[in-house]
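[1] fold the following, please.
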Amino acid sequence: MNDTDIKILNDNNLINRNISFDSDSDMSSVTDGHDKMLLNKQCLRHDRKESNEYYLRNSKEYGNNNGPTFLVALALCDTSLAYKYIKPADVDTHLLISKFVSNLTRGQRTLFGLILDMVKEENNINEETDNNNNIDDYILTRIPLDDSDLRQYYLDGSNSIMKNLPRPKVILHEKHSYVSIKMCIADYLGKGYLPLEIATYEKEVNKLVTDSKFCKGISRRAKYCYRDVSRDNLIIMTGVTWSDDFEPNSMSKNNRGSVWIKTLTFFTKNSFSNSLENTYPISIALKKENHDDIERLFIKELNELKSNKGNMFYCKALDKNVHVYFELIACLGDQPERRGINYMLGGNGKFSSRFGHCANINSIKKNYHHAQFA
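    Numbering: from 1, shown residues only. Below you'll find the predicted structure:
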């Protein structure tokens, strides 16, 4: 076991501390700032070293909203220390360019680089360079001029903006891509989002799903599970899953390559708006593959999130580490996929064509008033 020196977050500042880990994959930004200590059993595999370093470097010590500045400084200046000397306008410009070029083809990036080169040349012609004494404290960041610059600074470079954005890690499992639920929660809370609170009192009219008796039951189970934890340090999250298959645009009817996808959506204050901020793709695979292993892995994580062992995450909105209790409200799916998920019969047999009844439906007389169901 080797000692790994990292920075962790406590209530007042960023401090150095030696913590033992089995491997780098055990490293987690999930810490307990109130107890000011991190035990090995709290080092969860769902969080990554990159996310840890990102959120810690952009905490209060460097001022508010310095996360984007850190990304731009690392990508264009090859060091995060330059974040204090970059103009806010330059930060916005490079972030917009990063978002724009991430959706371009190689040919489009080449054309866009040519446009930027022409803009720079025009500015150089009109720029007055006689007065060199008025030099301010800002760094003049370079403008990407071709496809190579765009890939190096924004897309594929080791210090590029897109490569250093914290995001859930995708793994391959039994011919399926899979994203851990815990990674999704860490990403969601780390971005400053908060879940929809469950009502603690009875309302005359229940307008939200979190007003239901089922969600109130979730709240009671969460509080009992974390009965030794202050309510201010506990976040109760709920969500729904959805799974279905579809045909990719590149496939023809004669050569079908149907794809299966499973998603997880957290209930938030804007759950009813058309937003992808609270929805994460959990798994993608070919429709013909067996999805049972993914469902078992998913259920295992759900059971772990309903326990009080190690489920601690950094919440940017509250600026502290919190315990998280998570339960699903519903699993959505079309017929006949949802029957397969729940290991139910397909509904096309003699004894399973009518839900809730066990009988040979074909032998029942058409006069339903006298029909007897076993």
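
[2] any buried residues in stretch 216-235, and which?
    By neighbour count on 16 or more other Cβ atoms under 10 Å, the buried set for stretch 216-235 is 216, 218, 219, 222, 225, 226, 229, 233, 234, 235. For every residue, glycine as well, the C-beta is placed using N, CA and C.

[3] what do you get for stretch 310-328?
    If you call a residue buried by 16+ other Cβ under 10 Å, then stretch 310-328 has these buried ones: 310-316, 320-328.

[4] same question for stretch 107-124.
    Residues of stretch 107-124 classed as buried by neighbour count (16+ other Cβ under 10 Å): 109, 112, 113, 116.

[5] verify the stated contact: the second one with residue 103.
    No: judged on Cβ atoms under 8 Å, residue 112 makes no contact with residue 103 at a distance of 11.1 Å.

[6] give me the domain ranges for the chain.
    Following automatic domain parsing, the chain resolves into domains at 49-164, 179-341, 346-374.

[7] ends of the longest one, what's the gap?
    Domain 179-341 has an end-to-end distance of 19 Å (Cα to Cα, to the nearest Å).

[8] same question, stretch 221-241
    Note: stretch 221-241 ends 21 Å apart using Cα to Cα.

[9] that one - what's its average pLDDT?
    Stretch 221-241 shows a mean pLDDT of 93 in the predicted model.

[10] quick one: residue 225 from residue 195, how far?
    Residue 225 is 16 Å from residue 195, where distance means Cβ to Cβ, to the nearest Å.

[11] coming back round to it: out of the buried residues of stretch 216-235, flag the one nearest to residue 289.
    Closest approach between the buried residues of stretch 216-235 and residue 289, by Cβ to Cβ: residue 218, at 32.1 Å.

[12] helix, strand, or coil at the nearest residue to the closest one once chain neighbours are set aside?
    Spatially, and ignoring its direct neighbours in sequence, residue 218 is nearest to residue 327 (4.9 Å; Cβ to Cβ, 6 or more residues apart in numbering). Taken by DSSP: H, G, I helix; E, B strand; the rest coil, the conformation at residue 327 corresponds to strand.

[13] strands along the stretch 251-374 of the chain, start to end?
    Using DSSP state E, counting those that start in this stretch, the strands of the stretch 251-374 of the chain run over 259-266, 279-286, 312-315, 320-333.

[14] who does the first one pair up with?
    If I follow you right, that is strand 259-266. Its sheet considered, strand 259-266 pairs with strand 234-246 (antiparallel), strand 279-286 (antiparallel) by DSSP bridges.

[15] could I get these as a markdown table with distance to residue 97?
    Compiled in a markdown table, those are given as follows (distance: least, Cβ to Cβ, whole Å):
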| stretch | distance to residue 97 |
| --- | --- |
| strand 234-246 | 32 |
| strand 279-286 | 26 |
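
[16] out of the ones you listed, the one nearest residue 163 is which?
    Per Cβ to Cβ, nearest to residue 163 of these: strand 279-286, 19.8 Å.

[17] need the CA coordinates for that closest one. CSV is fine.
    The C-alpha trace of strand 279-286 is given here as CSV (Å, rounded to 0.1, in the frame of the first residue of the first chain):
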residue,chain,number,x,y,z
THR,A,279,-30.8,12.6,-17.6
TYR,A,280,-27.8,10.2,-18.1
PRO,A,281,-27.4,7.3,-20.5
ILE,A,282,-26.6,4.3,-18.3
SER,A,283,-26.0,1.6,-20.9
ILE,A,284,-26.0,1.2,-24.6
ALA,A,285,-25.7,-2.1,-26.6
LEU,A,286,-27.1,-4.0,-29.5
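
[18] lovely, talk soon.
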